[in-house]
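Engineer: Fold the following.
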Amino acid sequence: MQELRAEPVIADLFKDYKSKKDSKLTIFTNSQDQASAIYVRNKKKKCEEYGIQCEIIDTINLSASEVMNLITDAIISESYILFQKPIAEHLKESEKDFDDLINDFPNLDIEEAKDESE
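Structural biologist: Below is the predicted model:
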């Protein structure tokens with residue numbers, strides 16, 4: 001069985017990447033989900049590596065209206081947004097509202113960001 005490794009592929013993707021001036025990623029996360037915590041930590045490391053500002057917002061103690069206001073602030077500031085799921089249990093009934101607000105806003109996807117910088 002052939003072993004596949006993503007690291008060389010990822011390294012190649014990023015070898016010529018340059019972030020746009022003032023690029024920022026705002027990550028909304030649920031700190032109680034361990035898998036999400038690892039994913040978010042890795043995203044933050046990549047941002048630091050490529051000069052992208054990264055703000056992590058833990059939604060666990062926020063109300064739905066506070067989260068909506070923070071999403072709006074991120075959109076106004078032209079930050080890329082990553083809303084990491086699963087979201088906190090107390091916010092689940094507002095999940096569609098969050099998704100609708102973010103829907104037309106560009107998510108920071110490593111490939112898209114690389115393409116935009118070229």
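
Engineer: What strand or helix carries the closest residue to residue 97 other than its chain neighbours?
Structural biologist: Leaving aside its sequence neighbours, residue 97 sits nearest to residue 68 (C-beta to C-beta, 6 or more residues apart in numbering; 6.8 Å). (C-beta placed from N, C-alpha, C; glycine too.) Assigned by DSSP states H and E, residue 68 falls within helix 64-76.

Engineer: Bridged to the residue nearest to the spatial centre of the chain, which residues?
Structural biologist: Centroid-nearest residue in the chain: residue 82, 2.9 Å away (criterion: C-alpha atoms, centre = their mean). Going by DSSP bridges, residue 82 is paired in beta bridges with residue 27.

Engineer: can you pull the buried residues of the longest helix anywhere in the chain?
Structural biologist: The residue-count maximum for a helix in the chain (DSSP state H) belongs to helix 34-49. Residues of helix 34-49 classed as buried by neighbour count (16 or more other C-beta atoms under 10 Å): 36-37, 40, 43-44, 46-47.

Engineer: Going by distance to residue 86, which of the residues you listed wins?
Structural biologist: Of all those, residue 86 sits closest to residue 36, with 7.2 Å by C-beta to C-beta.

Engineer: ok, now which ones touch the closest one?
Structural biologist: By C-beta atoms under 8 Å, 6 or more residues apart in numbering, the contact list for residue 36 reads 29-30, 84-86.

Engineer: And for residue 32?
Structural biologist: Residues in contact with residue 32 (C-beta under 8 Å, 6+ apart) are 60, 88.

Engineer: for it, helix, strand, or coil?
Structural biologist: Taking DSSP: H, G, I helix; E, B strand; the rest coil as the rule, one finds residue 32 in the coil state.
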